[in-house]
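> next input, structure requested:
(2 chains)
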Amino acid sequence: MDFSTLIQILDSTLRLATPLLLACLAGLFSERSGIFDIGLEAKMLIAAFFSAAVAYDSGSVWLGLLAGIAASMVFAAIHGVASITFRGNQLISGVALNFLASGMTVLIAQNWFQQGGRTPSLLGKARFEPLTLPFADALKDVPILGPLYSDLLSGHSILVYVALLAVPASWWVLFRTRFGLRLRAVGENPAAVDTAGVSVIGLRYAAVAIAGLLCGIAGAYLATGLQAGFVKDMTAGRGYIALAALIFAKWRPWYALGACLLFGLLQALALRTDVVAAIFPFKMPVQLLDSLPYILTVVILAGFVGKAIPPRAGGEPYVKER
Amino acid sequence: MKDLAENSGPTPDAGPDAPPAIELRGISKAFGPVQANKDISLKVAKGTIHGIIGENGAGKSTLMSILYGFYKADSGEILIDGKPTEIPDSQAAIAAGIGMVFQHFKLVENFSVLENVVLGAEDGALLRPTLSKARKHLTQIAKEYEMNVDPDALIEEIGVGMQQRVEILKSLYRHADILILDEPTGVLTPAEADHLFRILRGLKDEGKTIILITHKLREIMEVTDTVSVMRRGEMTATVKTAETSPEELAELMVGRKVLLRVDKTPATPGKTILKVEDLKVVDEDGVERLKGVSFEVRAGEILGIAGVAGNGQSELLEVLGGMMAGTGRVELNGESIDLTGKHSDGLSRRKRGISHVPEDRQREGLIMDFAAWENVAFGYQYDDSYKSGWLMDNAGIRRDTEGKMERFDVRPPNPQLAAKNFSGGNQQKIVLAREIERNPDLLLVGQPTRGVDIGAIEFIHQSLIQLRDAGKAILLVSVELDEIMGLSDRIAVMFDGRIMGERLPGETTEGELGLLMAGVTDGEGAA
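Numbers count the residues shown, from 1 in each chain, chains lettered A, B, ... in the order given. So this is what the prediction gives:
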């Protein structure tokens, strides 16, 4: 494997890790506040569809992004009402949203576009174009560092950079602000927050809303950045992989970056069978490669990566007690 | 600050003209058909320690929850320093200068002391300036009231006594002038409780007003200036502590004369029933909970195990009751008992003559949604007397349950009623009736009177004494030192998975036991 192939694979890793990372951070905010969110998948999917549909109709990818975020936040609000206000079961609410998104997107797509449950392909301004970072062309010929900067870091859509910047931003919000302190506290012991005179409900809605925002960006990136249009079930389990990454990352932003890059790498390798064939002495079936991220997810969920302690109040609706 | 200090002093009624720190007028609160608080009026003078005593369900906690904004009273008025005050939520309570230390601490376990103190009372949106400012303030308060804590220690790494101090500091940090403590000594050793009372007296001297909610008469007598008694949602009396006695308070709480001391004759121990040698238990997290425990219990005697909760007593009961695996040697009537494997469960133990009244009757002793008669059958469901062919003789079990309920004075004596519909004391009597009437050689009892009313405590204690006098061996685990002292014929004190020493109740003091409970061994602590 030569250097340029490596750069290609890492480049593709970065693209594939982006939706995972955004969804993982979304889950991080939600779960740190004590609300389990198995509906990351639903939010991404609904955002993917509406961003593609609106981008196609209006010809503006930015309007598409806004539509995707709005759709995702509506779903987040439903999850919030069900699990915070009505103290419903958070897993069931999430699963219901997943089914709803999966069916609804195809149905509406078919009704609007008559293309077998997909949107028409997005062209020109209806897609996020690659962004060239400053001096990318000038530095191209510097050995090693040149390609790393010009080919790997530069040339992605803006949402990739948004996702990368969301990592330090999330860390800063969680660990350096009053809001973050309260958010972490409410996921550990809501009674402590409540008796301190802070609204548990308000904090949890805020966290769920942030999750909606991030999932909206993730979904929009899938349909308007990574690919050019919406297709049926295009999230392909990314919401669940993001949850596995979250556990792997022990609910920490920087670890989340690492975990998502690892999953992104596995997905990138699955697309490059030629490289894999060169690395392994035996013939690796494509299907096995495709399923590697999911197998790793199972391994992680089965607890083979050491003890991950989730937020203590996670999954439990808060009821005031005497 | 200064004039407050002058106003307080040792006499409770400092400044008779000053308005009371708290005045409640005609507070009522109902939950559905249950009237938790009925027309309650109360005045708490500034700079005093005011006790509120009453049985479980008397309405103490509801009243305090209204004061802290957790519940809204149906009617009535709250006056703070003479001013009518609305307290719709905790925020308003904090603003009114009220701080509350709950029975179950409201702390974030994996946060530092400092973060817990600051939570909800931050100065600004950014954490760093807030924390550095809070650190100075906290150190100052801690120094002023002599409550040393390490601001950077994590809550999960400090002991309960220290955690309680953090809760008090939390309130002081929010400038509380009125401090409410709900059953504060339940989790403390006697020495820690003494320390707490010293802190409370110090706070009183600084002009703070303190409300102490407890069911322990001894604490009321020791630390309060005034005491109010609650019974069935009503405030039945408010008296000066110096002018009352524990007997009078108990009578006010229960509504009839109560025997506070356990009435028993000296034991006449017979042969050894239970022999435990070098018993060790490792829990599922790999922590060694019992580190080699050895003792004997003989026929016709009660061995009391004293200790602060969480020092291995629960595990001792569970391994002897067949709920947990262990290593070592345990003999019953000279024959060894399996501590692991398929012959180490509750059923095998019962067959061998060991009955078990578990510590947590609501989780381990009963199935709360099942009827009383079904609960009576549990553990003995294979018993011949409960069988009719190869079906269960349900009618027979109901009849049997009715008889048990009568003999153990369970109220109401209705076998069809679900366990959750009985009061704590009556639930415990159902469990006791089930286990005692099996006529076991050895009875394991954990916390027999936790959450049980004073009236029922009397009955439960007498039942245990009767079983002892019938020549049975009883292993009693309790965190209530009074109970251990009153019931036991011998006392073993556990600390950190070991037995620190054995004492005879007539020849020891609470102070000595308290030292053992804190892990101070015979040699170093005696002086």
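> show me what from the stretch 101-250 of chain A comes close to chain B.
Counting by C-beta under 8 Å from any C-beta of the partner chain, the residues of the stretch 101-250 of chain A close to chain B are A:175-182, A:184-185, A:188-189, A:191-198. Where C-beta positions appear, they are placed from N, C-alpha and C, glycine not excepted.
> buried only: go through those residues for me.
A:177-182, A:184-185, A:188-189, A:191-198 (16 or more other C-beta atoms under 10 Å in any protein chain shown).
> list the contacts for A:Ala308?
Going by C-beta atoms under 8 Å, 6 or more residues apart in numbering or on different chains, A:Ala308 touches A:Ile247, A:Phe248, A:Lys250, A:Trp251.
> okay, and the last one sits in which element?
Taking DSSP states H and E as the criterion, no element holds A:Trp251; it sits outside all helices and strands.
> one step back: in helices only, show me the buried ones among the residues of the stretch 101-250 of chain A next to chain B.
A:178-182, A:184-185, A:188, A:191-195 (DSSP state H).
> mind putting the residues you listed into a markdown table with distance to A:Asp57?
As requested, those are arranged in a markdown table below (distance: C-beta to C-beta, whole Å):
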| residue | distance to A:Asp57 |
| --- | --- |
| A:Arg178 | 41 |
| A:Phe179 | 36 |
| A:Gly180 | 38 |
| A:Leu181 | 43 |
| A:Arg182 | 40 |
| A:Arg184 | 41 |
| A:Ala185 | 44 |
| A:Glu188 | 45 |
| A:Ala191 | 48 |
| A:Ala192 | 48 |
| A:Val193 | 44 |
| A:Asp194 | 45 |
| A:Thr195 | 50 |
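> any low-confidence regions in the chain?
Using chain A. A:1, A:303-307, A:321-322 (pLDDT under 70).
> looking at chain B here, not the other one
The model of chain B has pLDDT under 70 over residues B:1-17, B:522-527.
> per-domain residue ranges of it.
Following automatic domain parsing, chain B resolves into domains at B:1-97+B:177-258, B:105-175, B:272-364+B:440-526.
> next, format the ones you listed as CSV and append distance to chain A and mean neighbour count.
Conversion of those to CSV gives the following (distance: least, C-beta to the nearest C-beta, whole Å; neighbours: other C-beta atoms under 10 Å in any protein chain shown):
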stretch, distance to chain A, mean neighbour count
domain B:1-97+B:177-258, 4, 18
domain B:105-175, 3, 18
domain B:272-364+B:440-526, 10, 19
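> out of these, which is closest to A:Ala211?
domain B:105-175 (21.0 Å; C-beta to C-beta).
> could you give the angle of the top helix by length along chain B to helix A:178-188?
Using DSSP H, we find that the single longest helix of chain B is helix B:127-144. Calculated by axes from the mean of the first three to the mean of the last three C-alpha atoms, to 10 degrees, helix B:127-144 forms an angle of 70 degrees with helix A:178-188.
> just the CA trace of helix B:127-144, in PDB.
Presented in PDB, the C-alpha positions along helix B:127-144 are these (Å, rounded to 0.1, in the frame of the first residue of the first chain):
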ATOM      1  CA  LEU B 127     -17.100  27.600  35.400                       C
ATOM      2  CA  ARG B 128     -13.500  28.500  36.200                       C
ATOM      3  CA  PRO B 129     -14.100  31.900  37.800                       C
ATOM      4  CA  THR B 130     -17.100  30.600  39.600                       C
ATOM      5  CA  LEU B 131     -15.100  27.700  41.100                       C
ATOM      6  CA  SER B 132     -12.100  29.700  42.200                       C
ATOM      7  CA  LYS B 133     -14.400  32.200  43.900                       C
ATOM      8  CA  ALA B 134     -16.400  29.400  45.500                       C
ATOM      9  CA  ARG B 135     -13.300  27.800  46.800                       C
ATOM     10  CA  LYS B 136     -12.400  30.800  48.800                       C
ATOM     11  CA  HIS B 137     -15.900  31.200  50.100                       C
ATOM     12  CA  LEU B 138     -16.200  27.600  51.000                       C
ATOM     13  CA  THR B 139     -12.900  27.500  52.800                       C
ATOM     14  CA  GLN B 140     -14.000  30.500  54.800                       C
ATOM     15  CA  ILE B 141     -17.400  28.900  55.800                       C
ATOM     16  CA  ALA B 142     -15.700  25.600  56.600                       C
ATOM     17  CA  LYS B 143     -13.300  27.400  58.900                       C
ATOM     18  CA  GLU B 144     -16.000  29.500  60.600                       C
END
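> now do the SS call for the most centrally placed residue in chain B.
Central residue of chain B (C-alpha atoms, centre = their mean): B:Gly186, 4.5 Å from the mean position. What DSSP: H, G, I helix; E, B strand; the rest coil gives for B:Gly186 is coil.
> excluding chain neighbours, what is closest to it?
B:Gln103 (6.4 Å; C-beta to C-beta, 6 or more residues apart in numbering or on different chains).
> distance of that neighbour relative to B:Val452?
The gap separating B:Gln103 from B:Val452 is 16 Å, by C-beta to C-beta, to the nearest Å.
> likewise for B:Gly255?
16 Å.
> and if you look at B:Ala377?
B:Ala377 is 23 Å from B:Val452, by C-beta to C-beta.
> same question for A:Leu301.
44 Å.
> same deal with B:Asp283?
From B:Asp283 to B:Val452 the distance is 28 Å (C-beta to C-beta).
> same question, B:Phe370
Taken as C-beta to C-beta, the span from B:Phe370 to B:Val452 is 21 Å.
> what of B:Pro151?
Using C-beta to C-beta, B:Pro151 is found at 40 Å from B:Val452.
> same check on B:Ile397?
25 Å.
> thanks again, I'm all set now.
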